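*Asks:* just to be clear, the model below is a prediction. Sequence and coordinates:
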Amino acid sequence: MTTIAVAETPLTLGLLRLADTALVHSHRLSEWCGHAPMLEEDLALANIALDLLGQARALYTHAAAVEGAGRTEDDLAYRRDAPQFRNVLMAELPRGDFAFTILRGFLLAAHALPFWQATAGSRDATLAAIAAKAEKEAAYHVRHCGEWVIRLGDGTGESRRRMLEALDTLWPYTGELFEVDDADRAVIADGILPDPAVVRAPWDATIDRVFAEAGLDRPAEGWMQSGGRWGRHTEHLGHLLAVMQHLPRAYPDATW
Amino acid sequence: MTTIAVAETPLTLGLLRLADTALVHSHRLSEWCGHAPMLEEDLALANIALDLLGQARALYTHAAAVEGAGRTEDDLAYRRDAPQFRNVLMAELPRGDFAFTILRGFLLAAHALPFWQATAGSRDATLAAIAAKAEKEAAYHVRHCGEWVIRLGDGTGESRRRMLEALDTLWPYTGELFEVDDADRAVIADGILPDPAVVRAPWDATIDRVFAEAGLDRPAEGWMQSGGRWGRHTEHLGHLLAVMQHLPRAYPDATW
Amino acid sequence: PGRLARFQERIDAEERIEPNDWMPAAYRRTLIRQISQHAHSEIVGMLPEGNWITRAPSLRRKAALLAKVQDEGGHGLYLYAAAETLGVTREELVDQLLSGAAKYSSIFNYPTLTWADIGAIGWLVDGAAIMNQIPLCRTSYGPYARAMIRICKEESFHQRQGYEIMLTLCRGTPEQKAMAQDALNRWWWPALMMFGPPDSESQHTAQSMRWKIKRFTNDELRQKFVDATVPQGLYLGLTFPDPDLRFDPETGHWRFGAIDWEEFRRVLAGHGPCNRERLEARRRAHAEGAWVREAALANAAKRRQRTAYAAQRIAAE
Amino acid sequence: PGRLARFQERIDAEERIEPNDWMPAAYRRTLIRQISQHAHSEIVGMLPEGNWITRAPSLRRKAALLAKVQDEGGHGLYLYAAAETLGVTREELVDQLLSGAAKYSSIFNYPTLTWADIGAIGWLVDGAAIMNQIPLCRTSYGPYARAMIRICKEESFHQRQGYEIMLTLCRGTPEQKAMAQDALNRWWWPALMMFGPPDSESQHTAQSMRWKIKRFTNDELRQKFVDATVPQGLYLGLTFPDPDLRFDPETGHWRFGAIDWEEFRRVLAGHGPCNRERLEARRRAHAEGAWVREAALANAAKRRQRTAYAAQRIAAE
């Protein structure tokens, strides 16, 4: 069998949501490798992609241990189909232009930084350790992407136009970062993952600070896209996974 | 096992070369569906893609019967990896713009028409029947794509520039259409497939006639790309197959 | 006033109105809106299904899907042609679509997430379309009615194909069956919404019925669809995502639960999962194809010029 | 003339030449050509390996590959910086690459067709690069030598990683072993060509040796590489695609068959499988990134202006 079904508990689901978001976002960033607007950004985007990939690996390994079915990080990454993925939709949207990539990186990192800060106090010691490392990485991602949001927002007419277009596309995907369902409530109550409410104020502050410098207006809080965290994705994720999973699917008996 | 190995004889190899070229070219054409420059071309490109898909299916089914290992058209299409594919390289190059697509369609059809005409006299009755149908289809492809080569070559400055660029890219891939190796020689000697030498004069005539009307100069016969017919592809085929084969690979026990 | 009465008499007598016949401006406007909306739906509808052509799981299914999406493009063509008989150009209609001024069926703002969605769209979406369209084969405007006859024939073929995909999945592996159930869960309610708002809120129904543009109300068609579809779903062994669904032995109808019209209005207002992407895909195709259309025009002009020049020379000789 | 003799004396005494030191124009030219060619190779070399990042078969391999390609970008940066100490700008060098005026290593004009190619590139291509580069750690130009020390350390790590991928494949399933063999078949001869034309035909060798830019000839390095690599390949259980390959017990060297220099010249002249695509990929990235670079400059100018204005105000108060 090349496609597996994970028995989801609130904890494994919570971990998969984080791991899948990190992996899928890392994948999109890695698509830039060798094609960035300048060599320094080839390196920087690869850096962020590597940080996220590292986070995904640690989270998958932990999820597999919690599940206790003898699975590995690779089983979780390569042997689930799109409806089993739990990432937020924003992470899977196609690569887009540099403005889109940078703004997505910024929005996700502005959430990740306070999220990991709060998770560093998790009652789950493994998760707390992952969070302590991820927090430092997220701080760098906020800095790097935030600087570029400012440069592009307050750069040329074209860079501003592209940044506004990216903002218009991406903003409806930010709501998902703060959703809470029953599974979330269970792990929040257990002191394992933080309540998104805790993340909201520092997120607002980061967004407002950078947008102010970039000369961007924060969009009104309107209708928000939703679904990734419970497996209802965009049409893009299936194509991404088809490419990503091809080798282990084609040679299910091999180790690499 | 999700990846199979076909025992290639000169005949199965010859059939796979034709089938893979038709399938992969059909795939590239089908990528236009819903995205063509005008609705009439959405229909026309889908038509050509359907013709080629039909040819591929008949050829795979025949190849499977000749192999006699109980395989189906789908086994051959979905369970071989890129190095086992035998299509000419031209077919797998990325979709490109409309000029590229049209010129590729024209070049391949200008070869296919006399090729299938000659194959209609094959000593292999199944192949002869496939050829008789494919010949009519190829005649339509030559007409449709040829008309567009003329329109774009003798249209605006931009359409001409794009057509010249497409010609520059595609011409080095035409040599492969006329290659002959030992396997080819064996089936030619058996009267099963035609000698490419027979195809050359009508190909030249079609190219010259359409290029003259389009105001295009035929490129000098220089160095030619090669490799697809013996499994050495471009970097693009692997990505195409990853997408195309995803479902049967992910659910190897399912029928659809 | 006399003309209007005579027009209504013709309608009442089930005569077909043809392009050169006199017709009320509002009749013309209503038809242009309805036919072009229908045409746009066919065109936008190519996108969600087109998303699976390169990933169809067998060559037979791939050929059927490609042919189906091509048929939809063909329907778009007939319908634009029918609308053009009313005095608009295709360019105007396409511009209305791309600017967001014209609507298309909201169902196409939902994504196709698994292969089962291709089955569900054929079964449910084409099934609902047919319910809407069969009465349109007798609609009062001739060119529209004739286009619909051709379209209905193809749609019912697509509907059977879709159902057959669902049947194959439901008789397949447990994962395939789960895929089919998940697709039904996602497409059922949007399919019911395809018939439009309830009669109590429908703006256009009464006048369209009088003009025999429509022959059944939204709610009548929706009920017909439910009655036809529920037994098919039960035969597949699937569960409809509606706890209130039950057979009413007195009326012979299947009663269904309350439709979430809030979702309907939200998606119509642009806030569906794919509204933005669908329009962007159409705009991109149109923009990226501009140079091709210009080249075709330029070439045609050159050819005309050459022909005229040759004719002049012959005349002069 | 006196300067020239003193320069050669310093070289002979194994002193490092530094940016502000006097150097012959030809020495400077040779170094710029060689360092920038090396930098371009690192940049173009990101493409064939980058092609497999999204398809790496395990997360561990994906992370290693992404880090490796990133390292190559880093090497490109050091090397451009080393070249800049000689009085050219990175922009000039990049323009030379994009216009086709500057060369890059021809090995990157071959495609990566299976995962085994990632192993083969690490093992063979990085292996050959290291053979070339270890002597460059002692090259006469200081900034170049220092860049090479750092690069060599990372390259040898990449080489071990590549060999480890090959080892895993060769100990894996029969298909994996076949993949590894196929990769060796395709990469072996191009790897041997990486050392450049035979000494008998090499244009630059003699002068470069005198200036201690080079310390071994092409043929010497090629032989070192073959001697180091053949036993590794045999340990993998692979067959080299060279029927003439045999161990010469008298000299202790592995003797190899004739290299197809015709292929080498053809690929160098632009007729390799991927020359066109590699340059196009670089050109596209450069062109599509233009607006980003402009925005960064515009923003920097605005910030400078604001700082200057603020400083003025403070001064005025």
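*Replies:* Received the coordinates, thanks.

*Asks:* point out where the stretch 101-250 of chain A drops to low pLDDT.
*Replies:* Low-confidence segments of the stretch 101-250 of chain A, defined by pLDDT under 70, are absent.

*Asks:* swap the cut-off to 90 and go again
*Replies:* Along the stretch 101-250 of chain A, the parts satisfying pLDDT under 90 run over A:220-222.

*Asks:* up against chain B, what does it have?
*Replies:* With Cβ under 8 Å from any Cβ of the partner chain as the criterion, the stretch 101-250 of chain A comes near chain B at residues A:Gly238, A:His239, A:Leu241, A:Ala242, A:Val243, A:Gln245, A:His246, A:Arg249, A:Ala250. (Glycine included, C-beta is placed from N, CA and C.)

*Asks:* distance of the third one from C:Leu113?
*Replies:* Summarising the geometry, the distance separating A:Leu241 from C:Leu113, computed by Cβ to Cβ, to the nearest Å, is 12 Å.

*Asks:* could you do A:Arg151 as well?
*Replies:* A:Arg151 sits at a distance of 37 Å from C:Leu113 (criterion: Cβ to Cβ).

*Asks:* cool, A:Asp154 as well?
*Replies:* If you measure A:Asp154 against C:Leu113 using Cβ to Cβ, the figure is 39 Å.

*Asks:* for the two, indicate the residue with more neighbours.
*Replies:* When A:Asp154 and C:Leu113 are compared for neighbours, C:Leu113 comes out ahead with 26 against 19, by other Cβ atoms under 10 Å in any protein chain shown.

*Asks:* do you know how far the more buried one is from A:Glu92?
*Replies:* From C:Leu113 across to A:Glu92, the span is 12 Å (Cβ to Cβ).

*Asks:* identify the contacts common to these two.
*Replies:* Shared contacts of C:Leu113 and A:Glu92 (Cβ atoms under 8 Å, 6 or more residues apart in numbering or on different chains): A:His233.

*Asks:* residue furthest from the geometric center of chain A?
*Replies:* Within chain A, A:Asp253 marks the point farthest from the mean C-alpha position, 30.1 Å out by Cα atoms, centre = their mean.

*Asks:* model confidence for it, exactly?
*Replies:* The model reports A:Asp253 with a pLDDT of 92.

*Asks:* how about it: what's its closest non-neighbour residue?
*Replies:* Nearest-residue entry for A:Asp253: D:Thr173, 5.9 Å, with adjacent residues in sequence omitted and distances by Cβ to Cβ, 6 or more residues apart in numbering or on different chains.

*Asks:* counting by contacts, list what the helix or strand hosting A:Leu241 packs against.
*Replies:* A:Leu241 belongs to helix A:236-244 when assigned by DSSP states H and E. In this structure, helix A:236-244 packs against helix A:10-30, helix A:89-92, helix B:236-244, helix B:246-250, with contacts taken as 3 or more Cβ pairs under 8 Å, 6 or more residues apart in numbering or on different chains; DSSP states H and E.

*Asks:* send the alpha carbons of the longest one over as CSV?
*Replies:* Think helix A:10-30. Listed next in CSV are the C-alpha coordinates belonging to helix A:10-30 (Å, rounded to 0.1, in the frame of the first residue of the first chain):
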residue,chain,number,x,y,z
PRO,A,10,-6.1,16.1,18.6
LEU,A,11,-2.3,16.0,19.2
THR,A,12,-1.3,14.2,16.0
LEU,A,13,-3.7,16.4,14.1
GLY,A,14,-2.2,19.5,15.7
LEU,A,15,1.3,18.3,14.8
LEU,A,16,0.4,17.5,11.3
ARG,A,17,-1.1,20.9,10.7
LEU,A,18,2.1,22.5,11.7
ALA,A,19,4.3,20.0,9.9
ASP,A,20,2.4,20.1,6.7
THR,A,21,2.3,23.9,6.6
ALA,A,22,6.1,24.0,7.1
LEU,A,23,6.7,21.4,4.5
VAL,A,24,4.4,22.8,1.8
HIS,A,25,5.7,26.3,2.4
SER,A,26,9.2,25.1,2.2
HIS,A,27,8.4,23.4,-1.1
ARG,A,28,7.1,26.6,-2.6
LEU,A,29,10.2,28.5,-1.5
SER,A,30,12.5,25.8,-2.8
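
*Asks:* is any part of it close to chain C?
*Replies:* No. Looking at helix A:10-30 against chain C by Cβ under 8 Å from any Cβ, there are no contacts, and the closest approach is 15.1 Å.

*Asks:* just give me the neighbour total for the residue of the stretch 201-317 of chain C found nearest chain A.
*Replies:* Nearest residue of the stretch 201-317 of chain C to chain A (Cβ to the nearest Cβ) works out as C:His271 at 4.2 Å. Applying other Cβ under 10 Å, we find 17 residues neighbouring C:His271.

*Asks:* part of a helix, is it?
*Replies:* No. Following the definition DSSP: H, G, I helix; E, B strand; the rest coil, C:His271 is coil and is not counted among the residues of a helix.

*Asks:* contacts only, for it.
*Replies:* Applying Cβ under 8 Å, 6+ apart, we find C:His271 in contact with A:Pro172, A:Gly222, A:Trp223.

*Asks:* identify the residue nearest the second one in space, chain neighbours excluded?
*Replies:* When the adjacent residues along the chain are set aside, A:Gly222 lies closest to A:Pro172, with 7.2 Å between them (Cβ to Cβ, 6+ apart).

*Asks:* same question, the last one
*Replies:* By the measure of Cβ to Cβ, 6+ apart, the closest residue to A:Trp223 outside its immediate chain neighbours is C:His271, 4.2 Å from it.

*Asks:* count the neighbours of the residue nearest to A:Asp253 for me.
*Replies:* Neighbour count for D:Thr173, taken as other Cβ under 10 Å: 15.
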